[in-house]
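Undergrad: I need the structure of the sequence given here:
(one chain, ligands or ions: 2)
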Amino acid sequence: MIRVGQGFDVHQLVEGRPCIIGGVTIPYEKGLLGHSDADVLLHAISDAILGALGLGDIGKHFPDTDAAFKDADSLLLLKRVWELAKERGYKLGNADSTIIAQRPKMLPYIPQMAEIIADALEADVSQINVKATTTEQLGFAGRGEGIAAQSVVLLVKA
Ligand SMILES: Nc1ccn([C@@H]2O[C@H](COP(=O)(O)O)[C@@H](O)[C@H]2O)c(=O)n1
Ligand SMILES: C[C@@]1(CO)OP(=O)(O)OP(=O)(O)OC[C@H]1O
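TA: Residues are numbered from 1 along each chain as shown. Ligands and ions are numbered 1, 2, ... in the order given. Predicted structure coming up:
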């Protein structure tokens with residue numbers, strides 16, 4: 001059995017917050033605002049896995065009204081989502097994601113992101129692909145007001 005899921009997330013860029021994307025803290029003058037650490041890429045991947053499982057989204061599992069998730073490490077949330085997949089007998093086929101950001105430059109950090117994501121999903125790094133694109137200065141991402149991420153995940157049950 002195979003199941004596919006997709007995820008999409010957006011967080012606002014503000015001063016005074018760390019810029020954590022794909023589990024990597026990227027040196028930048030602004031960071032992402034959220035109830036948790038606002039790791040937009042890990043949220044998109046979490047939502048893609050939950051979508052493939054037919055289990056809703058991360059807001060349902062980890063409500064932003066719950067103080068337990070204030071400043072939560074999104075890597076821990078992703079690992080909890082992955083437990084739900086494992087409990088149902090799934091392994092990762094592959095995960096492909098795109099970060100949509102005018103700045104900062106993601107390319108230097110992508111290998112580290114892929115290692116972190118592969119570790120969380122108990123997969124080989126070859127099963128994880130992370131890309132980045134600007135929006136050619138168009139829209140909220142292009143104006144540097146926020147960063148988006150989208151992800152597609154394939155789950156496989158033997
Ligand atoms: N925040 C970003 C955006 C893009 N990249 C890399 O640059 C390439 C060109 O981007 P375009 O939007 O002009 O197509 C893109 O393919 C990425 O490799 C990046 O590192 N960080
Ligand atoms: C992750 C959660 C939970 O702390 O909060 P945020 O960091 O605000 O992220 P969002 O992508 O809006 O969705 C899910 C939330 O419930």
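Undergrad: all helices for the chain, in order.
TA: Here the chain has its helices, by DSSP state H, at 40-53, 58-61, 74-87, 110-120, 139-142.
Undergrad: what separates stretch 113-132 from the chain centre, distance-wise?
TA: Taking Cα atoms, centre = their mean, to the nearest Å, one finds the center of stretch 113-132 at 11 Å from the center of the full chain.
Undergrad: if I look at the one residue in the chain that gets nearest to ligand 2, how far off is G139?
TA: Going by Cβ to the nearest ligand atom, ligand 2 is nearest to G34 of the chain, at 2.8 Å. From N, CA and C alone the C-beta is placed, and that goes for glycine too. G34 is 20 Å from G139, where distance means Cβ to Cβ, to the nearest Å.
Undergrad: and if you look at C19?
TA: 19 Å.
Undergrad: Give me the more crowded residue out of those two.
TA: Shown here are C19 and G139; by other Cβ atoms under 10 Å, C19 has more neighbours (22 against 13).
Undergrad: who touches that one in this structure?
TA: With contacts defined as Cβ atoms under 8 Å, 6 or more residues apart in numbering, the neighbours of C19 are 13, 25-28, 30-32, 104.
Undergrad: Show me which of these are buried.
TA: Buried residues within the contacts of C19, defined by neighbour count using 16 or more other Cβ atoms under 10 Å: 13, 26, 28, 30-32, 104.
Undergrad: what's the closest of the residues you listed to ligand 1?
TA: The shortest approach to ligand 1 among those belongs to P104, at 6.3 Å (Cβ to the nearest ligand atom).
Undergrad: The closest one against L32, yeah?
TA: No: at 11.5 Å, P104 does not count as touching L32 under the criterion of Cβ atoms under 8 Å.
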